[in-house]
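Student: Provided below for reference: sequence and predicted model.
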Amino acid sequence: MKTLHINLGERSYDIRIAPGILDKAGEEIKKVCPKARRLFVVTDSNVFPLYLTRLANSLTAAGFEMTALTVPAGEHSKCASELANLWEKMLASGLTRTDAVVALGGGVVGDLSGFAAATALRGVDFVQIPTTLLAQVDSSVGGKVAIDLRAGKNLAGCFWQPKLVLMDPDTLNTLSDATFADGMAEVIKYGCIRDKDFFDFLCAHPTRAEIMANIESILYQCCDIKRSVVEEDERDTGARMVLNFGHTIGHAYELSGHYEQWTHGQAVAAGMVTAARLGVTLGVTPPELPGQIEAALAPLGLPTEIPCDSGTYAAAIGRDKKGTGADITLVLLDQMGHAVLRKMPKEQVLDLLV
Ligand code: GLY
């Protein structure tokens, strides 16, 4: 088992990574939530038939009372009505302030149930058991929880750090290749922003089989990079922005496909290539770097280019009616493995993009 400690003072917690840890969830949760008697497990309609029984067996063997709620799989469950449903069901189950909420699933389940845990009874403990690669390397770590609004994704939420994150790499075996690749976009991002050797390792091990043969150390490496960023800037006021490499432009691609044509990982993949090209134009990024990122993404079937019009870029960058200011902070690479933040006028960025 690999354990990583996230040091955030009284909000500190461990990430534990091990094949089969799903079956030990009960005893692991008991250690961090010693007063909890009842656990409220949230999962989705894809994950429930695969892993809920194993989790339930482990929780009951450890002496917990358990209630499980299954939400429909998909982003549309990250909404206010599903949140309200969770609150009601949590309270109806008898959950108290010393009990805990457990998220079993991907980013939607983690974000939704984390926000419900943060707000029910003015906050109850929360444990993440992420089952997708994207959730294991990104959304389950760092405490961002949220729901989507009509105005945009993740626009109502808060920071609510989990008490524990349990990652069972075996759960990745049931992902489709496309969903696996989605997570790999974020994995490659970590190499780009913080660790050239890690990036080179990923380039040398491009197949899913090679990645899975090294998955424990890959998960550890990604979470360790995120740990260092989150410990420096828990509430995302500066340094944490480096995690958004490829994401602002990626947001334009998600918008251009109405959040249906392109997944988050696909949009981030193409967004990283465009951000690298932008960096070359601005004289920040070495000219060979966009090609290196493309070469890392392509074997996974991730797109390296997505068509986008100027209006969509403008909406994503915030040159719109929201009055979010004239400047934007870009995340650029000044070398492979090192990200820098550059504040620039939005108009200039848009001129360069279109
Ligand atoms: N996913 C970006 C962050 O956690 O800050």
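Tutor: Alright, I've got the coordinates. Numbers count the residues shown, from 1 in each chain.

Student: dump the residue contacts of the spatially most central residue of the chain.
Tutor: With distances taken as Cα atoms, centre = their mean, Ser139 lies nearest the centre of the chain, 2.5 Å away. In this structure, Ser139 makes contact with 106-107, 110-111, 130, judged by Cβ atoms under 8 Å, 6 or more residues apart in numbering. (Each C-beta comes from the backbone N, C-alpha and C, glycine too.)

Student: let's go with 7 Å and repeat that
Tutor: 107, 110-111 (Cβ atoms under 7 Å, 6 or more residues apart in numbering).

Student: just these: which are in strands?
Tutor: Of the contacts of Ser139, none are assigned to strands by DSSP state E.

Student: residue of the stretch 51-200 of the chain closest to the ligand, please.
Tutor: Closest residue of the stretch 51-200 of the chain to the ligand, Cβ to the nearest ligand atom: Gly142 (4.2 Å).

Student: show the pLDDT at the spatially closest residue to that residue that is not a sequence neighbour.
Tutor: With sequence-adjacent residues excluded and distances taken as Cβ to Cβ, 6 or more residues apart in numbering, Gly142 is closest to Val230, at 4.5 Å. Listed pLDDT for Val230 reads 98.

Student: okay, and Val230 sits in which element?
Tutor: Assigned by DSSP states H and E, Val230 falls within helix 215-232.

Student: how much space between His5 and the ligand?
Tutor: Distance, His5 to the ligand, by Cβ to the nearest ligand atom, to the nearest Å: 18 Å.

Student: can you tell me the SS state at Thr304?
Tutor: Counting by DSSP: H, G, I helix; E, B strand; the rest coil, the backbone at Thr304 sits in coil.

Student: do a quick rundown of the helices in the stretch 151-300 of the chain.
Tutor: In the stretch 151-300 of the chain, the segments counted as helices under DSSP state H, counting those that start in this stretch are 177-194, 196-204, 208-213, 215-232, 247-256, 264-281, 289-297.

Student: export those helices to CSV and tack on distance to Tyr313 and mean neighbour count?
Tutor: Shown next, in CSV, are the helices of the stretch 151-300 of the chain (distance: least, Cβ to Cβ, whole Å; neighbours: other Cβ atoms under 10 Å):
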stretch, distance to Tyr313, mean neighbour count
helix 177-194, 20, 23
helix 196-204, 27, 16
helix 208-213, 32, 14
helix 215-232, 26, 20
helix 247-256, 5, 23
helix 264-281, 10, 24
helix 289-297, 18, 20
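
Student: the closest residue in space to Glu82 that isn't next to it in sequence: how many residues sit nearby?
Tutor: Nearest in space to Glu82, with sequence neighbours left out and distances taken as Cβ to Cβ, 6+ apart, is Val71 at 5.7 Å. Residues contacting Val71 under the criterion other Cβ atoms under 10 Å number 22.

Student: wait, isn't Val71 in contact with Asp44?
Tutor: Yes - taking contacts as Cβ atoms under 7 Å, Val71 lies within contact range of Asp44: 5.3 Å.

Student: so the helix holding Val230, near the ligand or not?
Tutor: No - contact of helix 215-232 with the ligand (Cβ under 6 Å from any ligand atom) is absent, the minimum separation being 7.0 Å.

Student: for the protein, which residues are neighbours of the ligand?
Tutor: Residues of the chain found near the ligand (Cβ under 6 Å from any ligand atom) are 138, 142, 144, 236, 240, 243.

Student: many thanks, I have nothing further to ask.
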